[in-house]
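Student: sequence-free structure coming up:
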């Protein structure tokens, strides 16, 4: 297990790394590294500062030994209440997930994925169907985390 984070404001969701989060049918899917690979995603309020948020998310993932594949650290700029379907960065994360390049997504807050409850429900269901975990680095979101298998239709 990776050493505990030296960052004081971040918490990880429990039991995320108990093995692969993919089903047996996905066993042949290549893993980018010895640890789960993750996409980093954030929405910055202003253009030109996206790297600041992504740097923090990258450090969070690195502290846990997670791998961020090339092109999977993505940020959009603008208000959080944009429809996730019109965010080009979020669509890149979805493509990486659909292509089995990542096992999870790291965001500052779940609102960065989708701000409105209806949008979040749709994105959350899709992520779970893909077998992905989602981690929000904001400790106030600790109890709202999700793991594959918790949503059953």
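Tutor: All right, it came through fine. In this text the structure is predicted, and so the values were computed from the model without any measurement.

Student: Give me the contacts around the longest strand along the chain.
Tutor: Secondary structure of the chain per DSSP state E: the longest strand is strand 38-44. Strand 38-44 has contacts (Cβ atoms under 8 Å, 6 or more residues apart in numbering) with 50, 52-54, 57-58, 61, 66-69, 72-80, 82, 87, 89-90, 93, 96-97, 101-108, 112-113, 135. No exception for glycine: its C-beta is placed from N, CA and C like everyone else's.

Student: again, only using 6 Å
Tutor: For strand 38-44, the surrounding residues in contact (Cβ atoms under 6 Å, 6 or more residues apart in numbering) are 50, 53-54, 57, 61, 66, 68, 72-77, 80, 93, 96, 102, 104-108, 112.

Student: Could I have the ChimeraX command that selects the buried members from the residues you listed?
Tutor: A single ChimeraX command selects the buried members of those (16 or more other Cβ atoms under 10 Å):
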select :50,53,54,57,61,66,68,72,73,74,75,76,77,93,96,102,104,105,106,107,108,112
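
Student: Narrow the contacts of strand 38-44 to those in helices?
Tutor: Within the contacts of strand 38-44, residues falling in helices by DSSP state H are 50, 53, 54, 57, 61, 93, 96.

Student: how about those residues, which pair is most distant?
Tutor: With Cβ to Cβ as the measure, no two of the ones in helices among the contacts of strand 38-44 lie farther apart than 53 and 96, at 17.9 Å.

Student: backbone phi and psi for the closest residue in space to residue 85 that isn't next to it in sequence, please?
Tutor: Spatial nearest neighbour of residue 85, chain neighbours left out: residue 91 (7.6 Å); criterion: Cβ to Cβ, 6 or more residues apart in numbering. With angles defined as degrees, to the nearest 10, residue 91 sits at phi -70, psi -30.

Student: Right, I'll leave it there.
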